[in-house]
Every structure is written in C-alpha cells, then in structure tokens.
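Q: got a sequence here, can you model it:
(one chain, ligands or ions: 1)
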Amino acid sequence: MKRALFFPLLIALACLGSIPAGAQTTEPLLSWDELRALNNEISGELAQDYIRDISRFHRLQPSRGYTLAAEWVAEKAKKLGFSDVRIEKYPADGKTTYFMYDSVPAWDVEFAELWIVEPKEEKLTSFEEIPLSVAIGSSNCDQKGDLVFVGDGTAPQDYEKVEVKGKVVLATGPIGSVAGLAVDRFGALGVVTVNQRFADDEPDNIGSLRINTNAPSFGFGLSHRRGNELKDRILRGEKLTVRAKVKAETHPYFYENVIATIPGTDLAAEEVILTAHLCHNKPGANDNASGSACLLEVGRALRRLSDEGKLPKPKRTIRFLWVPEMSGSIAYVARHPEVSGQAIAGLNLDMVGQYLNDNNSTFFLHLTPHSRPHFINDLLINLTEFVTENNVQALMSEPAFAVHSLSGSRDAFRSRIMGYTGGSDQVIFNDGLIAVPFAFFLVWPDRYYHTSGDQPEKCDPTQLKRSSLLAAAATVFLMDDSPERARRLAGESASRAEARMAGELRRGFDLIGKSEAGGVHGAYKEAVNWLNRALEHEGAGLGSLRNYSAGDKNVDAYIGETTVRFKEEQPLRLKDLERYYSLTCRDRNIPPQKLSLTEEEKRAARIIPRRDAGLKGPVGRGYLREKLKDSAESFNLPIFRQNGLVTYEILNFTDGKNSLLDIRNAVSAEFEPLPLQWVEDYIRLLARAGIVIVEK
Ligand SMILES: [Zn+2]
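A: This is a model prediction of the structure:
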C-alpha cells in the first residue's frame, strides 16, 4: 500500500469510529464463556514441561526406553486426575500379527560408542550423549578398522577404487542403501554416515538412522560439520582407525499403549478419542512429545474446568491413547473391536508444537477421508477459522480472542484446512472396517524433524497452547449432546456444504474450461461425477450429525429437509454445468454429446467387491508382498505410482455396496480422475491376496 493513499484512507476509516471486533470473523460453535475458560486454563508452559520430561526417554517402538516413557505418562495422567489409567501391552516378537501388520521385536542398547583410536584418541559419538547417533538395528560388537571414505556410497562404482573389506566406511548417502552395499556386498565392518537432513541450516544436528544388513554390523551418524571434517582428513591422506563398541540386544517384547479416560455421564458408553504417538528417538520433542503433552494438558484442563463447573461434565467418555505410532493403534483396535461402535469420532495430534515463524511452518487441519464423512470436519473448521482469524494482525481490527501463552511467541497463527492425509495414526482409525472418523492436527514443516535438534526448547508454548485449545474445544463439543449445539452445527454444516458444492461446480468449470477439443466431453462427464459425489458426500456428512443429539428430533428433521433440498437443487447445478459445457463446445467447434456409460462402465457397475471382514486396517505392503510372492510384477500397476492415499481410499470405498464403477468415481472425485482399469486392476490384485472378494 502506497503511503499517499494509505494516510487519507486511515483518516477516513478513523472517522467511522472503531470497527467492531469480530464483525468479519467466524462465530465459534462453543460459547465465548467456554472458550474463555479454556483460554485461561490451558497452558503452553505446562505442555512444554511435559515435553521436557517425555523427551528424556529414547522411545523406540518397542523398547525398554519406550516403557519408561509410558510409565511416566501413566503416572502423570493419574496425578492430573485422569481416570482408568493403565498401560496395555501387546506382544511384539516378530511372530504376532495384527491384521495385515507384523509385529517387530524390540531393539535395546545399553552401550554404544564410536572413537578414533589412531593416530590419537578422539571420541566421535556415544549412545549416552546422542542416542539417535547409533543406528537402530546395530549388532553387538567391539570392532576396530580403518575408516575409508566412499563418497555417496550408494552405487557399486563408489567401491571400485577403495577396498572396504574389514574396514569401516564413511559415506554421505542414506545409511540403508550404503550398508546394503558396503557391508553385505563388499565386506565392510560397519557404516558411519554424514548427516544431510536440513544440514544447510543445522550443520551440527544428526539425523535418525536404521541399519538392516544380513551380516551383523553397526551404524553411526555424525553431524554434517563433523562428518565433513573427517572426510577432508581422509581425503588429505590421513590414516584414521576407528573403534566401534555396541552392546545391543534384539528381543521379544511388547507394544504399550497408555490408556486413560475422563468418564462420561449419561452417554458413558459413547466415546471421543484423542490420540498421539509417544514413540520416537530421544529427544523427539516436537515429534511427538508435543502431541503427547497436549493430550495431558487437554485432559488436565477439562478435568479441572468441569470440576469447577466452568464447563459441563462430559456426557460421553473421553478416551486418551498414547501409542507407538501405527503399531499401537492397530493393536488397540485388534484387542478392542468394540471401538468401532462406541467411538463417535477422534482426533490425532502429531507434531503440533514448533515455532511457526522459525520453521516457516503452518498448522494443518486434515479432515476425515471422503469415505468417512463426518460432522467433526465442520466443527474443527469452525474452531480453526475462529482461532486463526483472531490470531493474525489485520488492519483496524483488534483480535477478540488472542491465544498466547505467558512465555511463548506472538507468531501469527498461520493455518490451512486440507483434505485427508496419511502419515500417522488416523490412518488406522479411518479404515473402512474400523470406521472411526478421525481428523488430524499437524504443524509442518519442522527443520529439526527426525534429528538430534528436535529439543524441547524448539517447541513454542504459544503453539502448544493453540493446538491444545483447539483439541479441547472440539472435545467439549463432542463430549456433549445438547440440542443447542446440534442446532448450531447443523446450520454451520448446511451452509458450508452448500458452499462446497458450489466449489465443486467451479472445479468442474475449470476442468471443462481448460480442456482441448478432444477432452471436453470426458471433462464434462467427470465434472458431473464430481457434482454427484459431492451431493452424496455432503448429505452423508450432514446426516452424521443425527448421531450427535439422540434426544432431539427437531434438528434431525432439519437435517433431513436440508438433504432433500440439496437433492432437489442438484438438477440446477447439473444444468449450470451443461450450459458451460455447451459454451465450451461452441468455442472448440465440436458438437455437444449426451452423457452415457461405456460398455466397460456398465460391466463395472455390476461388479460389487467386498472386503474380508477379518482383515481390518489399511493394506500392509509387506502383507501384500507376502501373499503375492510369486508375482513381483504385480507391483508394477500404474496405481502404485499414485499417491498412497488413492489405494487407501479404494479399499475404504470397497464396502459391499459400491460397485467397481462407484469406487472409481468416488476416488476420482476425492483426488484426480483415474482410469477405471487402474482401479479394477488394483481391486483384482487385492482379491488375489484374499483381502477383497470379487464375485463373478
Ligand atoms: Zn510423528
């Protein structure tokens, strides 16, 4: 904005008097009193304290270090007033399986050090100081050998000019590929790698490592700075001998979930689930002591506020799960099949505490997948928009609801609402056979991710407070069943659904509008599919609110009538699309065509695949490989070159009601248009593995 224009404008606006705060912001679905109570109670400082405690433990899954962290969380939860606190154990021995997932045994280290012993003693790293500098999977050893530099170390040519047999390799490539060649093919004793992860910004951090060789060996990681110093010394002709000593053990053990509740009253059998993975290398402060700490803080605050009468007592039970990522969740649903009927919705918190400005990162609310439409989406969208609008600076408008901790940053709350994504425990719960609608909070990126730099002080108390407050506010809504809340959300959801359907129409216009002559008709057909899927999806999302307030018939009736109206108005939206299609056809000099199904589509519409009900959870790649042992070429399907979310959703839409064509259309609306054949090939692959049943 130019100064010359700015000042007169400022004066003009000032003359209008003060602009009411919040006039242009989202009205929250919780009362202002409830939100203020949460904002006063929830503390980013306390969350950061919990992070300091949790990040003292090396929390590999499974391991004794993880057990110590689980015990700490359980003790803390008891002290903070959680109920039913317990640690549940599930065998992790390499033999026990959880649906399509194999358990893995524990790897525990007692001692590991890497030294230069000649020409003079120099300690390079130790487990005690930086646990993640020792590669997971390293074997017991006490080995001495010359340190030789092999460059990247990931191609056989890297080993042509240098003899590595009986020596220790220093490499700049990823440890997995280096070790496969250096140790298993060329006989090296072990591998030392130079960290490349965020190395430009953080030259002294070390990235997490895992080694998986046939021969026993070891791996250590050095920082970019230290590793390059060693490299230079070797390249200058200095002869360095290193000694690696590791005392480690691979042993059958347990996955452990810490489970706690705040029990409900009237609807105690129904549950709201909050999850965070507790595992990962020490320190793992943001990933994911942060989510684990926020769960403690949410529970503590809700407990106190409802005890003091500042919030209603929860009618539904709130269940907190601290898990080893993925394995803990799949083991939990295997042992507790009742979760599918009991849990109305859930929220997963993973990496939710870093400084936004320092990391140039954004708070992401990832919604449930299209296969699991649910009102939790609009609830969280409302709350996230409200907190965002009130935590950025706008001209001439004072935020009415600033969320700042006592000692944290004043960073603007940059947020983005996006469709479903994987990468954490919500993947398990949203599976079609587990069927708990799960949303996901994630702050990304993080320049300390999976490195020794992921320290507690890198977490921002303000961001921890905002993440906790959003999770707590959603929980307050979900744990209740008041007709008042149902009515408010019904209105919110109906209007947002309407806007999203308009958004799908625009998306259709874009697809048609940019198509060349040969593709216009296909684009029109796809756009019609998108609109039809949106109608179905939005209707189902709104319909899920019927489960919220069982006692209220008026809201249910409103939802029913709104859904009918959406259907009645669908021909108008389709007509809009058709007119735009005709316009584009005229422009491209082609005749418009009527819509019809191809012979292939007609055939696919008659095939209705279903899942093996005994195999819950997403497809395990290892499981699939094992079942299709004889046919490595099976994995050359084009669908495997798509984002993994596509195959995840194909399985979820395989519900015994959708036809092959429906499934293709559903994932094509959620992601990008896909050839029917790709979807059919994938489903037939799953059928060969026994995961899906396709009747002739
Ligand atoms: Zn994580």
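
Q: and the protein, which residues reach the ion?
A: Counting by CB under 5 Å from the ion, the chain comes close to the ion at 287, 288, 350. C-beta: built from backbone N, CA, C; applies to glycine.

Q: wait, residue 218 sits on residue 244?
A: Yes - in this structure, residue 218 is within contact of residue 244 by CB atoms under 8 Å, at 5.1 Å.

Q: show me the shaky parts of the stretch 1-150 of the chain.
A: Judged against pLDDT under 70, the low-scoring parts of the stretch 1-150 of the chain cover residues 1-24.

Q: hmm, back to that, more neighbours: residue 218 and residue 244, which one.
A: Neighbours per residue (other CB atoms under 10 Å) separate residue 218 from residue 244, with residue 218 holding more: 28 against 25.

Q: OK, contacts around the more buried one?
A: Neighbour list for residue 218: 112, 134-135, 138-139, 141, 143, 189-191, 211, 244, 246 [criterion: CB atoms under 8 Å, 6 or more residues apart in numbering].

Q: rerun that using 7 Å as the cut-off
A: By CB atoms under 7 Å, 6 or more residues apart in numbering, residue 218 lies in contact with 135, 138, 139, 141, 190, 244, 246.

Q: repeat that for residue 577.
A: Residues counted as contacts of residue 577 (CB under 7 Å, 6+ apart) are 505, 508, 527, 528, 531.

Q: toward the C-terminus from the helix or strand where the first one lies, list the very next helix or strand.
A: Element membership of residue 505 [criterion: DSSP states H and E] is helix 483-513. Going down the chain from helix 483-513, the next helix or strand is helix 520-543, by DSSP H and E.

Q: buried stuff in that next one?
A: Applying a neighbour-count criterion of 16 or more other CB atoms under 10 Å, one finds 520-521, 523-539, 541-543 buried in helix 520-543.

Q: over to stretch 687-695?
A: Buried positions in stretch 687-695, judged by neighbour count with 16+ other CB under 10 Å: 687, 689, 691, 692, 694.

Q: so which of these sit within strands?
A: Here DSSP state E is the test, and those give residue 692 as lying in strands.

Q: for the buried residues of stretch 687-695, which one is nearest the ion?
A: Ranked by distance to the ion (CB to the ion), these are led by residue 691 at 26.7 Å.

Q: so how far is the helix holding residue 505 off the chain centroid?
A: How far helix 483-513 lies from its chain's middle: 24 Å, per CA atoms, centre = their mean, to the nearest Å.

Q: need the residues touching each of residue 218 and residue 244.
A: The contact lists of residue 218 and residue 244 share 141, 190, where a contact means CB under 7 Å, 6+ apart.

Q: what about stretch 120-128, start to end distance?
A: 22 Å (CA to CA, to the nearest Å).

Q: could you chop this structure up by domain?
A: Using automatic domain parsing, the domain ranges for the chain come out as 24-102+255-478, 111-250, 482-596, 602-696.

Q: most packed of those domains?
A: Neighbour counts averaged per stretch over the domains of the chain are highest for domain 24-102+255-478, at a mean of 22; criterion: mean count of other CB atoms under 10 Å.

Q: you'd agree residue 500 is up against residue 537?
A: No - in this structure, residue 500 is not within contact of residue 537 by CB atoms under 7 Å, at 8.5 Å.

Q: nearest to residue 228, of the residues of the chain next to the ion?
A: residue 287 (25.9 Å; CB to CB).

Q: nearest residue to the closest one other than its sequence neighbours?
A: Once flanking residues are discounted, residue 287 sits nearest to residue 351: 4.9 Å by CB to CB, 6 or more residues apart in numbering.

Q: secondary structure class for the one you found?
A: With DSSP: H, G, I helix; E, B strand; the rest coil as the basis, residue 351 sits in coil.

Q: shouldn't it be in contact with residue 286?
A: Yes - if you go by CB under 7 Å, residue 351 and residue 286 touch, sitting 5.2 Å apart.

Q: who touches both of those two?
A: residue 446.

Q: how close does the residue of the stretch 101-250 of the chain found nearest the ion get to residue 470?
A: Here the stretch 101-250 of the chain gets closest to the ion at one residue, residue 208, 11.6 Å apart by CB to the ion. Using CB to CB, to the nearest Å, residue 208 is found at 29 Å from residue 470.

Q: in space, what's closest to the residue of the stretch 301-450 of the chain found nearest the ion - neighbours in sequence excluded?
A: Nearest residue of the stretch 301-450 of the chain to the ion: residue 350, at 4.3 Å (CB to the ion). Leaving aside its chain neighbours, residue 350 sits nearest to residue 424 (4.3 Å; criterion: CB to CB, 6+ apart).

Q: how about residue 437?
A: Counting by CB to CB, 6+ apart, residue 437 lies nearest to residue 374, which is 3.6 Å off, once chain neighbours are set aside.

Q: list the contacts of the one you found.
A: Residue 374 neighbours (CB under 7 Å, 6+ apart): 345, 368, 437, 541, 544.

Q: A strand includes it, no?
A: No - going by three-state DSSP, the assignment for residue 374 is coil, not a strand.

Q: dihedrals phi and psi, it?
A: Backbone torsions of residue 374, given as degrees, to the nearest 10, read phi -160, psi 150.

Q: and the gap between it and residue 551?
A: 20 Å.

Q: residue 305 now?
A: For residue 305, the distance to residue 551 equals 24 Å [CB to CB].

Q: again with residue 164
A: From residue 164 to residue 551 the distance is 73 Å (CB to CB).

Q: could you tell me the end-to-end distance of stretch 609-616?
A: 16 Å.

Q: residues contacting that stretch, please?
A: The contact list for stretch 609-616 (CB under 7 Å, 6+ apart) reads 99-100, 333, 431-434, 654, 656, 660, 683, 690-694.

Q: equivalent analysis for stretch 33-46, please.
A: Under CB under 7 Å, 6+ apart, the answer for stretch 33-46 is 28, 297, 301, 304-305, 310-311, 401, 403, 405-408, 461-462, 464-465, 468-469, 472-473, 476.

Q: please repeat the previous calculation with a cut-off of 8 Å.
A: By CB under 8 Å, 6+ apart, stretch 33-46 touches 28, 297-298, 300-301, 304-305, 310-311, 401, 403, 405-408, 460-465, 468-469, 472-473, 476.

Q: next one: the nearest residue to residue 304 once chain neighbours are set aside from the ion, what distance?
A: Leaving out its chain neighbours, the residue that sits closest to residue 304 by CB to CB, 6+ apart is residue 41, at 6.3 Å. According to CB to the ion, to the nearest Å, residue 41 and the ion sit 26 Å apart.

Q: list the ones among the contacts of stretch 609-616 that fall in helices.
A: Using DSSP state H, the members of the contacts of stretch 609-616 that fall within helices are 333, 660, 683.

Q: do you know the pLDDT at the closest residue to the last one other than its chain neighbours?
A: Yep, that's residue 683 we're talking about. Among residues not flanking residue 683 along the chain, residue 609 sits closest, at 5.3 Å (CB to CB, 6+ apart). Looking at residue 609, its pLDDT stands at 98.

Q: all set, thanks.
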